[in-house]
Every structure is written in C-alpha cells, then in structure tokens.
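1. quick one: sequence and predicted model below, then my questions.
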Amino acid sequence: MSIEDEIGAVSLRVEAPALSSQAYMDLQQQIWSVLKPRSRGRFWRNMLLAVVIGIGLGLVPAWLGMQAELWIAFTRLGFEAYLEDSSFLLLMLLTALVPAALAWGWYVFRQVQALHVIHASSGELFAAHEVLFGEQALLWRNAHRTTVIRWASFTALRRGHQQWLLMADHASALWFPDEAVAAGPGEAELLAQIERYTGLKPSQKTR
C-alpha cells in the first residue's frame, strides 16, 4: 500500500529533528496548559472548602476566647523569646505552612526529574522524523516506526518555545521546531495547511 493510499495526496512535508530535553519540557508544559482548564472547577471547589475550613478554625478559638503562651529559650546561645496569643498562633501557622511548602517543592523537583528520565529513556519516540500532510490524514515516520493520525484527532495548536506544537487528543503533540519549519515549508505555509485540515489556529481548540 502506498502512502497516498493511506493518507491521500501529500501536500506538505516537514523534516523534524530529535526533540531535545528542553523542548520536551516545553511540550509537557504546553500540554498541561491545555488540560488545566478541565480541572479548574475542581480547583476552585477545593479552594472554597479550604477557605471555609480556615475561617471556621479561626472563628472558633476567637469565640471561645482562647489564649496561648509559649516561652522558648536556648540557654547556650543566650536566646529566649516569649510568645502569646497572635504571635503564638502565627508560629503555629508557620510550623504548618513551611513543611507543606518544602513538600510541594520536593514534589515539583521529583516531577521534573521524572520527565527528564522519561525523555532520556524514550529513544526512538523523540528521534528525528518526517511528517507528511495528506488529504485524509497525517503520517509520522522515522527509521523505526510509522504512525498515521487522522485529522479529527488533533485538538489544539500551541506556540511553544521556538517551536509549534500540534496537540492530539489533548495528551500528546507533534513538534515543529522553527529551524525545521524555516528550512522546509515556512511558518505561513505550515499554519495554513494545519488550519486547512483541522480548522485550528494558534492557541485554539476544536473540542
């Protein structure tokens, strides 16, 4: 079966280089920016719940007339401090927030590490490849694999860092680096062909 039989008459051809680690991180960030609005409602519900709980935790001690005192001393250092009421409550708040902030920072660090490991171990998936635009579908191929993607599968076109990203099914993307586009069809032609087959314009989703 010929290429034309699979995807129809070819109207555009792009030679894309391997995806660098930096470009892969940009790709993941762009995918997340597309997926993020889907979880926005849940985020605001959780935020409202946290505010209600926080107000409750603040009003109850105030209504009960709670008083607190704390004396801290480091005798070898000649340091001592006396905290009461609002100062004591502020210390308790910081005691809770600082570990939470450190845990969040560690989580983000581990996520970034994991993405670098995924990129490094993906091998041929992010290797140099060729993209063909056909009347019926898009064909992606490199030395090891060939993939045909129907135009209806593409859901967004995003401008990344020195590259265009064509999203498929909200969870993956094809990358078109500026250098490859300039050496091939040119940016105007690439965007025109994408809009022709998918109806997508930059930073716009179809579904």
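-> In hand now; what should we look at?

2. right, and the helix or strand after the longest helix that the chain contains?
-> Counting by DSSP state H, the longest helix found in the chain is helix 86-121. Following helix 86-121 in sequence order, the next helix or strand is strand 129-134 (DSSP states H and E).

3. in the helix or strand that that following strand is followed by, what counts as buried?
-> Next in sequence after strand 129-134, counting helices and strands by DSSP H and E, comes strand 137-141. Buried positions in strand 137-141, judged by neighbour count with 16 or more other Cβ atoms under 10 Å: 137-140. In short, each C-beta sits where N, CA and C put it, glycine included.

4. now T146. Its backbone dihedrals?
-> Backbone torsions for T146, taken as degrees, to the nearest 10, come to phi -130, psi 130.

5. and it, bridged to which residues?
-> Per DSSP bridges, the residues bridged to T146 are R141.

6. next one: L12
-> F133.

7. follow-up on the earlier one: TSV for the buried residues of strand 137-141, including distance to V148 and pLDDT?
-> Below are these laid out as TSV (distance: Cβ to Cβ, whole Å; pLDDT from 0 to 100):
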residue	distance to V148	pLDDT
A137	5	93
L138	7	94
L139	5	93
W140	8	91
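
8. between those, which is nearest Y82?
-> Distances from Y82 to the buried residues of strand 137-141, taken as Cβ to Cβ, are shortest for W140 (68.2 Å).

9. and A188, what pLDDT?
-> Here, the pLDDT recorded for A188 equals 93.

10. could you shift the numbering so residue one becomes 182, and keep it that way?
-> Happy to do that; since the first residue is 182 now, the last one works out to A369.

11. assumed it was part of a strand.
-> No - according to DSSP: H, G, I helix; E, B strand; the rest coil, the state of A369 is helix, so it is not within a strand.

12. and it, how far from G189?
-> As for A369, its distance to G189 is 22 Å (criterion: Cβ to Cβ, to the nearest Å).

13. okay, those two: which has more neighbours?
-> When A369 and G189 are compared for neighbours, G189 comes out ahead with 15 against 9, by other Cβ atoms under 10 Å.

14. surely the more buried one meets Q317?
-> Yes - between G189 and Q317 there is a contact under Cβ atoms under 8 Å: 3.9 Å.

15. point out the other helices and strands that the longest helix of the chain packs with.
-> Here helix 267-302 touches helix 202-216, strand 250-255, going by 3 or more Cβ pairs under 8 Å, 6 or more residues apart in numbering; DSSP states H and E.

16. compare the ones you listed and report which one is nearest to L347.
-> helix 202-216 (10.5 Å).

17. dump that closest one to CSV, restricted to CA.
-> The C-alpha trace of helix 202-216 is given here as CSV (Å, rounded to 0.1, in the frame of the first residue of the first chain):
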residue,chain,number,x,y,z
SER,A,202,15.3,17.8,26.6
GLN,A,203,14.5,21.5,26.8
ALA,A,204,11.9,21.2,24.0
TYR,A,205,10.4,18.2,25.7
MET,A,206,9.8,20.1,28.9
ASP,A,207,8.2,22.9,26.9
LEU,A,208,6.0,20.4,25.2
GLN,A,209,4.8,19.0,28.5
GLN,A,210,4.2,22.5,29.8
GLN,A,211,2.0,23.3,26.8
ILE,A,212,0.1,20.0,27.1
TRP,A,213,-0.6,20.8,30.7
SER,A,214,-1.8,24.3,29.8
VAL,A,215,-4.4,22.7,27.5
LEU,A,216,-5.5,20.2,30.1
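
18. fine by me, we can end here.
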